[in-house]
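Engineer: with the sequence up front, the predicted model follows.
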Amino acid sequence: MRFPPNLPQSVQMAVESYFENLLENETTKCWLASNTQLLFHAVPDGDIPEYTDSLAEGYSLSLVITSDEGEGIFYVAKNQD
């Protein structure tokens, strides 16, 4: 997994751990094999995350479902104060 150079190490480790846990489930493996993406910026205005998890150092991981087939985009971003 490639991370932006300015992303704190603790956040990188949290994201890696999150996806390692997801990959332990066969159903999730299939879902992640579809056109699921991981982007390092805030969820765009107008998109509503299915869920959001807190990460280290004030970052969050959000999932936006983009199709009826379950494809989605994970967003990692610094929380806005």
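Structural biologist: The structure has been received and is ready for your questions. Residues are numbered from 1 along each chain as shown.

Engineer: after the helix or strand bottoming out on mean pLDDT in the chain, next one along is what?
Structural biologist: Taking mean pLDDT, DSSP states H and E as the measure, helix 26-33 is the helix or strand of the chain with the lowest mean score, a mean of 58. Moving toward the C-terminus from helix 26-33, the next helix or strand (DSSP states H and E) is strand 37-39.

Engineer: tell me which strands that following strand pairs with, and in which orientation.
Structural biologist: Strand 37-39 has its sheet partners listed here by DSSP bridges as strand 72-78 (parallel).

Engineer: pLDDT on stretch 9-20, on average?
Structural biologist: On average, the pLDDT along stretch 9-20 is 90.

Engineer: got the buried residues for that stretch?
Structural biologist: Under the neighbour-count criterion of 16 or more other C-beta atoms under 10 Å, stretch 9-20 has Val11, Gln12, Ala14, Val15 buried. Any C-beta I mention is one placed from the backbone N, CA and C, and that applies to glycine too.

Engineer: what ranges in this protein fall below the confidence cut-off?
Structural biologist: Scanning the chain for pLDDT under 70 picks out 23, 25-34, 81.
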